[in-house]
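Enquirer: give me the fold of what follows.
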Amino acid sequence: MLDALQAAGGLGLFLLGMVTLRQGLQSLAGASAQRALRHFTRSPVSGACTGAAATIVVQSSSITTVAATGFASAGLLTFPAALGIVLGANVGTTVTGWLVALLGFKLQLGVVMPLAVLAGVVIHLLGRGRGRIGAFGLGLAGFGLAFVGIDMLREGTLAFQGVLTPDRFPGGGLAGNLQLVAIGVVITLVTQSSSAGVATALAALAAGAIHFEQAAALVIGMDMGTTVTAALATVGASLPGRRTGWAHVIYNVLTGIGALLLLPAVGPFLEWMSPGLPMREPELSLVGFHTFFNLAGLIIVLPVVGRFARLVERIVPERPSAFTERLDPRWLRHPDVALRAIGPTLLELADQAFRILRHQLNPLRTPSVDPELRELLVIALDDVSRYVGEVPPAKDSQPRLAASVHVIDQLGRLLERESQRQRVETTAQDADLSRRAASLAECLPMELTGSDPAALRQASARLAEQSAGIESQRRDYRESAAHKSAADHLEPDEALAVMDAYRWLERSAHHAWRVMHHLEQLSQEYPTEILVEPREPD
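Expert: Numbers count the residues shown, from 1 in each chain. Model prediction:
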């Protein structure tokens, strides 16, 4: 009983150590890793390499996948490039298994790792828990704690030698391996960490409780188990998020099926390569197999990643936009009628974009919005842009087309700002910024659809005044943040974050004002037509 508790406690310490290590690494290099994702990703191949490297650095394939999804949502990465990052992250996450096998089971560093925990905690405290020094200390403590847990897990499972034997587990043939795969899926769901599952399988293998083929089937199930979380994450996610999540599910399931079919031949192949290898080095053989089938899947998919991406796009198609139903292609034969469809459409899109911004600026006093709304507006804005580009040129239509293009441009910039969640959160957390944001939210018009030109003019004037006020106070705010940092009231990273958030607030106010300004111009150009639903002439 005590041995079982020791094994369970060791697994718990390992999980705690991995969480702490991940938090430390994310604070230390998370922003740099995300910048690297965008900077070094130019194709699916470079995306796979970058995704693997970033996952090794931050010790979390989930963080890498979320970052890639965010960049795809913002239009900074194509879906195939983001897909490459996700596929690479699968390979990067296998490095944890090598660390556990080499350092935890071969070198057995767990006995000296309490010193690393102590050193990490001391460094974290000396760094006041903030900044790079504090993050490094947290990561070091987590690293040490993970291997203390591995040592406890190994000692706990060794006590079951002769009690738990391979014949007590399913095995032999496809049916037995399928049962073990299902057990692996359950382990990943319970621990919420494939790394913890692999560590458990390594411990059981080292104790002789299972043999190599059983451990390999468990690891396949653990890899497939991570897809359940990805599938759940697609609920309510944006289109790129849904596509990325389901691509992860499809890829891992196909890779797992391939690995399961090859599994009966893996043991004999290793025996042929090096007689007695699975018996002499079972832990290294297992993590080698884990890396092999993930790497093999990546090599197979990368040459056809474009087709794979198109398959996912067909499985998860774009939803038709209700915002552009006025833009009937038949009206392009009559430029004047086509132009009448653009004004109401742009008013509605601006109305919805302001709803999102109003909630971001003052989340406690404004109603929340559908998480998919921004994505739908981006899609609709692209449709409007294409429609405007197809309107036949005419001298009389040039002013209205120019105003429409300006509205489209400023709306696109505003929607991009609305995707920058970290800046939005920083704005809400800073007391001074949140007051300024609430003031801007009050200036945003509540309802644009159906407004007359005079109302548009008034809204434009209010936003112009608010935008000018925020811009004029930018230098004072930046100097105040810098002085607080110099006086040790703010960490340098925090000072830079609030400065960046102020810039976000300033640019959001500017884009909102320019949207209203050009909508006002559009209404002045055709004061009786911008709000009129178009009808095709007889």
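Enquirer: residues contacting the closest residue in space to S460 that isn't next to it in sequence?
Expert: Leaving aside its chain neighbours, S460 sits nearest to M516 (4.0 Å; criterion: C-beta to C-beta, 6 or more residues apart in numbering). Bear in mind the C-beta positions are built from the backbone N, C-alpha and C, glycine included. With contact set as C-beta atoms under 8 Å, 6 or more residues apart in numbering, M516 has these partners: 350, 445, 456, 459-460, 463.
Enquirer: let's see 7 Å
Expert: 456, 459-460, 463 (C-beta atoms under 7 Å, 6 or more residues apart in numbering).
Enquirer: got JSON lines for those residues, with secondary structure too?
Expert: Below are those laid out as JSON lines (DSSP: H, G, I helix; E, B strand; the rest coil):
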{"residue": "L456", "secondary structure": "helix"}
{"residue": "A459", "secondary structure": "helix"}
{"residue": "S460", "secondary structure": "helix"}
{"residue": "L463", "secondary structure": "helix"}
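Enquirer: nearest to L99 among those residues?
Expert: Set against L99, the nearest of those by C-beta to C-beta is L463 (54.0 Å).
Enquirer: doesn't R514 make contact with the closest one?
Expert: No. In this structure, L463 is not within contact of R514 by C-beta atoms under 7 Å, at 8.8 Å.
Enquirer: neighbour count winner among those two?
Expert: Between L463 and R514, counting by other C-beta atoms under 10 Å, L463 is the more crowded of the two (24 against 21).
Enquirer: got the confidence number for the closest residue to the more buried one other than its chain neighbours?
Expert: Nearest residue to L463, sequence neighbours excluded (C-beta to C-beta, 6+ apart): W513, at 3.9 Å. At W513, the model reports a pLDDT of 94.
Enquirer: what's the separation between W513 and D432?
Expert: Note on W513: its distance to D432, by C-beta to C-beta, to the nearest Å, is 21 Å.
Enquirer: then V19?
Expert: Going from V19 to D432 by C-beta to C-beta gives 33 Å.
Enquirer: same check on N294?
Expert: Taking C-beta to C-beta, one finds N294 at 48 Å from D432.
Enquirer: comparing the two, which shows the higher neighbour count?
Expert: More crowded of N294 and D432, by other C-beta under 10 Å: N294, with 25 against 13.
Enquirer: that one belongs to a helix?
Expert: Yes. Applying three-state DSSP, one finds N294 inside a helix.
Enquirer: distance of it from L254?
Expert: The gap separating N294 from L254 is 12 Å, by C-beta to C-beta.
Enquirer: what do you get for P329?
Expert: Distance, P329 to L254, using C-beta to C-beta: 39 Å.
Enquirer: looking at the two, which is more packed in?
Expert: Under the criterion of other C-beta under 10 Å, the comparison of P329 against L254 puts L254 first, with 15 against 9.
Enquirer: report the buried residues of the helix or strand harbouring the more buried one.
Expert: Assigned by DSSP states H and E, L254 belongs to helix 239-273. For helix 239-273, the buried set under the neighbour-count rule, 16 or more other C-beta atoms under 10 Å, comprises 239-249, 251-252, 255-256, 259-260, 262-263, 266-267, 270.
Enquirer: and if you look at stretch 400-413?
Expert: Buried residues in stretch 400-413, defined by neighbour count with 16+ other C-beta under 10 Å: 400-401, 403-404, 406-413.
Enquirer: residues making contact with it?
Expert: For stretch 400-413, the surrounding residues in contact (C-beta under 7 Å, 6+ apart) are 339, 342, 346, 349-350, 353, 381, 384-385, 388, 391, 511, 514-515, 518-519, 521-522, 525-526.
Enquirer: put the alpha carbons of that stretch into PDB.
Expert: Taking Å, rounded to 0.1, in the frame of the first residue of the first chain, the C-alpha atoms of stretch 400-413 are listed here in PDB:
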ATOM      1  CA  ARG A 400     -18.100  56.500 -53.000                       C
ATOM      2  CA  LEU A 401     -15.700  53.700 -53.900                       C
ATOM      3  CA  ALA A 402     -12.800  55.600 -52.400                       C
ATOM      4  CA  ALA A 403     -14.700  56.100 -49.100                       C
ATOM      5  CA  SER A 404     -15.700  52.500 -49.100                       C
ATOM      6  CA  VAL A 405     -12.100  51.400 -49.500                       C
ATOM      7  CA  HIS A 406     -11.000  53.600 -46.600                       C
ATOM      8  CA  VAL A 407     -13.800  52.100 -44.400                       C
ATOM      9  CA  ILE A 408     -12.700  48.500 -45.400                       C
ATOM     10  CA  ASP A 409      -9.000  49.400 -44.600                       C
ATOM     11  CA  GLN A 410      -9.700  50.900 -41.200                       C
ATOM     12  CA  LEU A 411     -12.200  48.200 -40.200                       C
ATOM     13  CA  GLY A 412      -9.500  45.600 -41.100                       C
ATOM     14  CA  ARG A 413      -7.000  47.300 -39.000                       C
END
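Enquirer: could you give the mean pLDDT of that stretch?
Expert: 90.
Enquirer: over to stretch 281-293?
Expert: Mean per-residue pLDDT for stretch 281-293: 84.
Enquirer: stretch 186-203 now?
Expert: Averaging pLDDT along stretch 186-203 yields 74.
Enquirer: same question for stretch 243-262.
Expert: 86.
Enquirer: distance between that stretch and the chain's centre?
Expert: The chain centroid and the centroid of stretch 243-262 are separated by 19 Å under C-alpha atoms, centre = their mean, to the nearest Å.
Enquirer: again with stretch 405-418
Expert: When distances are taken as C-alpha atoms, centre = their mean, stretch 405-418 is centred 23 Å away from the chain's centroid.
Enquirer: buried set for stretch 305-316?
Expert: By 16+ other C-beta under 10 Å, the buried positions in stretch 305-316 come out as 305, 308-309, 312, 316.
Enquirer: coming back round to it: wait, the residue nearest to L463 sits on S467?
Expert: Yes. At 4.4 Å, W513 counts as touching S467 under the criterion of C-beta under 7 Å.
Enquirer: for the stretch 301-450 of the chain, give me the ranges with low pLDDT.
Expert: Confidence mapping of the stretch 301-450 of the chain against pLDDT under 70 gives the ranges 318-321, 394-395, 450.
Enquirer: also the stretch 101-250 of the chain?
Expert: Looking at the stretch 101-250 of the chain by pLDDT under 70, you get 104-111, 128-131, 154, 156-169, 171-172, 191-193, 195, 229-230, 232-241.
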